[in-house]
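Peer 1: quick one: sequence and predicted model below, then my questions.
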Amino acid sequence: MREQHPTHARLGRAAIGLSLAVLLAACGGGSGGNTSTPEQPPTPPVTPVDPPAPPPTPSTVSKALLIGVDGVQYEALQQALGATRMPALQGLGTLLPAYTGGVLGSATQQQATAGPGWATLLTGTWADRHEIRSNYEGQAFSADTVFKQLKSVQAGARTATIASWGGLPQLLRADRAAGYLDMAKDCAGDDACVGSETSAAIASGDYALVVADFQGPAQVADVAGYGSDYQNALATLDRRLAAVRTTLASRRQAHPEEDWLVIVAGTHGLGATGVADGIPMPSNLATFVALDRPANLAVTAPPTLPTAIAPWYAYAAPTDIAPTLLTHLSARPAANAYAIDGSPLVGPSAVRQLQAATNEARSGVVLGWTLPTPPAALTVLRDGEVLATLPADATGYEDTAMKPAASGFYTYNYTVVAGSVPTSLRATLDYKKPEPPIELLASLRDGLTHLFALQGALADRIDAGTVFTPWVTAAAPVYTAAGDAPFKGTGRALASTNYAGPTVCASCDGGLRIPTAKVTSTSTSFSFGFWFRSDATRSGMPIVSNKNWGSGVNPGIALGQYGSAIRFNIGKGGTRLGDKDLNFSANTWVYAAMTVDIPALKATYYVFDPVLGMQSSSGTLTADYVAALNGLNNGFSLNEDGDGGYGPGYRNGNASNTIGGRFDYSEFGSWNRALTLAEITSIARSGKSITTLLP
């Protein structure tokens, strides 16, 4: 039984120097030359049923046959090939491993079933462009099919489809109505009908492009799984392919002016039991592409299913079928109109594994790709406009020239042209409009009680007698390299080491402390703030604290890291206030601050991240919370809690808490008043050290 519904189912910069006119002339398609790297010889070798295509002549007419097969499970296919049950497929010429389903976890990911699979074969795009998400009827292509692309260049070129799966004619009904598809035959599940009708279409000579769909393997696997019946179904499929090839051989002999390209490809695999469940597992995603001429990808087919599909992204994909057909038929779109995710499998090779991501600053898009064969030059286009020409060995490019008017999500079509061969990718930029720096407010001198620059010394710039000291006796502080600090110049920062060893070691600072009363108070308002950087790997560890971190309800204040969030907390014994998580970007300097307005009974928490912006939260205090603000009165700590015992205790304790990773600190300051949002923002965004305000 054929499934009718879904179930569980790529940095260098370069000046723009290439003429767009020259580029487009070079990329407008061609007659599909056969020069390429030698293909892997098929194993076992089988004499082709049809003779080689005759040499091209001035009157050569390019034609193409695409045969798609639903439900070929890769490992079972390898078993059939090894037992020589499929000589027609093996004798076609080049047999390549391939992947389907898009790139897992990206916008291209799609269900591995017939609907999305056929949409990709016929458009050369993934679901983020074609928008066919399942097998349901009523869906319509949002990307141009090969039929439309061919007709837009050659209006008189006739096209045909013959389908076993009834959903394919439904998907193509708009193409049929618009005149892009001249004949659409629904064989209603009968592969024998598909074979005979495909042979008839070839023999007639009426069609430049014939597309056929077989689904026998999927029908058998759905009922009987991958046993002998499935192997017999693959053998039956091969006999139908052989019959079609025999007809094609006769057509070639009678009409040597016709240059036929033949491609056979799997639309999707099958689930573990043979059901087309579409789940993104290797059994569904590993597939194949076969063609009757050398390919520009020379890879050896693995004998078994992969344990992970990601390594297969270097292989062919169903997105490569449409551009291969269109190149052969001299109908491939020019580079400025190219919106196809794949590239031709014959002739010169394109870049592969093109991928895109928003850069760290959220100001542009970073592209990356691989180069199977370095071309003469590389050209990058965005939405049809040339951005740059790059050296032939470049493997990436960062585009920051778009400058949107406001923060938000923006989608672009990027095309990378290798020599004359394009490939494209639809990329989304999560843009954050840059905010201009502001001045460091002079009012920050008011009430500034302590300022520890932490650039190579632990002493207070205001009160030289106050020094951060290590909880671990004789532990020496460690500092970052010059220039690796929040401010421009050669400044350094305090690099607190981790608790990776089995016991506290002399080389580990184990946390640093000053008297609690230097920072917090139970009678007057106060604020403190500091620059902080982390790799975001620790979880459940104190950043600064004056309390026993063993429980959040213990009296005192704590800021802790939980992955990529800073959590603020005030405990009074028995209950706690806060537990407010403010996010930060890994390996990025952020400014964290807390203000306590005792008369107003209000605590406010701030984290400024250059990517995420200013975040804040607040809580209402009671008298009990105010009385508990000094915590243990034992020490206000960096990289530890208020008694210096949390790291050592948890090193051999709760395995769910991550205590590796790094915490870096710079410029810790405290005030005897509640800072305003404007003052904290000026520290965070001015790019200047508070020390510039001191005499």
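Peer 2: Done, it's in.

Peer 1: the stretch 451-600 of the chain: strands as residue ranges?
Peer 2: In the stretch 451-600 of the chain, the strands defined using DSSP state E, counting those that start in this stretch lie at 469-470, 494-496, 512-514, 526-534, 539-545, 556-562, 565-571, 576-583, 590-597.

Peer 1: paired strands for the third one, with orientation please.
Peer 2: Sheet pairing here is set by DSSP bridges, and for strand 512-514 it gives strand 469-470 (antiparallel), strand 636-638 (antiparallel).

Peer 1: for those, which one sits closest to Pro116?
Peer 2: Of all the strands paired with strand 512-514, it is strand 636-638 that lies closest to Pro116, at 52.6 Å by C-beta to C-beta. The C-beta positions use only the backbone N, C-alpha and C, and glycine is treated the same way.

Peer 1: chain center to the closest one, what's the gap?
Peer 2: Strand 636-638 sits 39 Å away from the centroid of its parent chain (C-alpha atoms, centre = their mean, to the nearest Å).

Peer 1: contacting residues around that strand?
Peer 2: 468, 471, 494, 496, 511-516, 518-520, 530, 542-546, 642, 644, 663, 665, 668 (C-beta atoms under 8 Å, 6 or more residues apart in numbering).

Peer 1: now the buried members of the residues you listed.
Peer 2: 468, 471, 494, 496, 511-514, 516, 518-520, 530, 542-546, 642, 644, 663, 665, 668 (16 or more other C-beta atoms under 10 Å).

Peer 1: which of the helices or strands spans Ala203?
Peer 2: Ala203 is located in helix 191-204, with elements delineated by DSSP states H and E.

Peer 1: ok so, going back, tabulate the strands of the stretch 451-600 of the chain (TSV), appending mean pLDDT.
Peer 2: Putting these into TSV (pLDDT from 0 to 100) gives the following:
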stretch	mean pLDDT
strand 469-470	90
strand 494-496	84
strand 512-514	94
strand 526-534	97
strand 539-545	88
strand 556-562	93
strand 565-571	93
strand 576-583	86
strand 590-597	98
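
Peer 1: helix/strand/coil for Leu81?
Peer 2: Per DSSP: H, G, I helix; E, B strand; the rest coil, the local secondary structure of Leu81 is helix.

Peer 1: burial check on it, number of neighbours?
Peer 2: Using other C-beta atoms under 10 Å, Leu81 has 23 neighbouring residues.

Peer 1: hmm, back to that, adding distance to Gly408 as columns, could you present the strands of the stretch 451-600 of the chain in TSV?
Peer 2: Putting these into TSV (distance: least, C-beta to C-beta, whole Å) gives the following:
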stretch	distance to Gly408
strand 469-470	47
strand 494-496	37
strand 512-514	42
strand 526-534	28
strand 539-545	31
strand 556-562	28
strand 565-571	24
strand 576-583	19
strand 590-597	23
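
Peer 1: nearest to Leu65, of these?
Peer 2: Nearest to Leu65 among the strands of the stretch 451-600 of the chain is strand 576-583 (54.1 Å), distances taken as C-beta to C-beta.

Peer 1: strands paired with that closest one, and their directions?
Peer 2: strand 565-571 (antiparallel).

Peer 1: OK, contacts around the residue positioned nearest the centre of the chain?
Peer 2: What sits nearest the mean C-alpha location of the chain, by C-alpha atoms, centre = their mean, is Ser106, with 4.7 Å. For Ser106, the contact set (C-beta under 8 Å, 6+ apart) comprises Gln355.

Peer 1: cutoff 7 Å now
Peer 2: Residues near Ser106 by C-beta atoms under 7 Å, 6 or more residues apart in numbering: none.

Peer 1: surely Tyr230 is within a helix?
Peer 2: Yes - assessed by three-state DSSP, Tyr230 belongs to a helix.

Peer 1: can you pull the pLDDT of it?
Peer 2: In the predicted model, Tyr230 carries a pLDDT score of 97.

Peer 1: and stretch 171-189, end to end?
Peer 2: Here the two ends of stretch 171-189 are set 16 Å apart, with distance taken as C-alpha to C-alpha, to the nearest Å.

Peer 1: check stretch 391-400 too.
Peer 2: Distance between the two ends of stretch 391-400: 19 Å, counting by C-alpha to C-alpha.

Peer 1: which residues does it contact?
Peer 2: Residues from elsewhere that reach stretch 391-400 (C-beta under 7 Å, 6+ apart): 11-13, 359, 363-371, 374-378, 380, 382, 387-388, 390.

Peer 1: just to revisit the earlier point, tabulate the CA atom coordinates of the helix holding Ala203 in PDB.
Peer 2: In PDB, the C-alpha atoms belonging to helix 191-204 read as follows (Å, rounded to 0.1, in the frame of the first residue of the first chain):
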ATOM      1  CA  ASP A 191       4.300   0.600 -12.200                       C
ATOM      2  CA  ALA A 192       3.700  -1.600 -15.300                       C
ATOM      3  CA  CYS A 193       1.600   1.300 -16.700                       C
ATOM      4  CA  VAL A 194       4.400   3.700 -15.900                       C
ATOM      5  CA  GLY A 195       7.000   1.600 -17.700                       C
ATOM      6  CA  SER A 196       4.900   1.200 -20.900                       C
ATOM      7  CA  GLU A 197       3.700   4.800 -21.000                       C
ATOM      8  CA  THR A 198       7.300   6.100 -20.400                       C
ATOM      9  CA  SER A 199       8.500   4.000 -23.300                       C
ATOM     10  CA  ALA A 200       5.700   5.300 -25.500                       C
ATOM     11  CA  ALA A 201       6.600   8.900 -24.600                       C
ATOM     12  CA  ILE A 202      10.200   8.300 -25.500                       C
ATOM     13  CA  ALA A 203       9.400   6.400 -28.800                       C
ATOM     14  CA  SER A 204       7.000   9.100 -29.900                       C
END
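
Peer 1: direction included, what does the helix or strand following it pair against?
Peer 2: Downstream of helix 191-204, the first helix or strand assigned by DSSP H and E is strand 209-214. According to DSSP bridges, strand 209-214 forms sheet pairs with strand 61-70 (parallel), strand 159-163 (parallel).

Peer 1: identify whichever of those strands lies nearest to Pro311.
Peer 2: Of all those, strand 61-70 comes closest under C-beta to C-beta, at 23.5 Å.

Peer 1: next, the angle from the closest one to helix 191-204.
Peer 2: 180 degrees (axes from the mean of the first three to the mean of the last three C-alpha atoms, to 10 degrees).

Peer 1: check the offset of strand 61-70 from the chain's centre.
Peer 2: Its chain's C-alpha centre and that of strand 61-70 lie 31 Å apart, by C-alpha atoms, centre = their mean.

Peer 1: okay, now the domains of the chain?
Peer 2: Domain assignment for the chain, taken from automatic domain parsing, gives 62-333, 357-431, 442-693.

Peer 1: where along the stretch 201-350 of the chain do the strands fall?
Peer 2: Counting by DSSP E, counting those that start in this stretch, the strands of the stretch 201-350 of the chain are 209-214, 258-268, 286-291.

Peer 1: ok, Thr604 to Gly631 distance?
Peer 2: According to C-beta to C-beta, to the nearest Å, Thr604 and Gly631 sit 19 Å apart.
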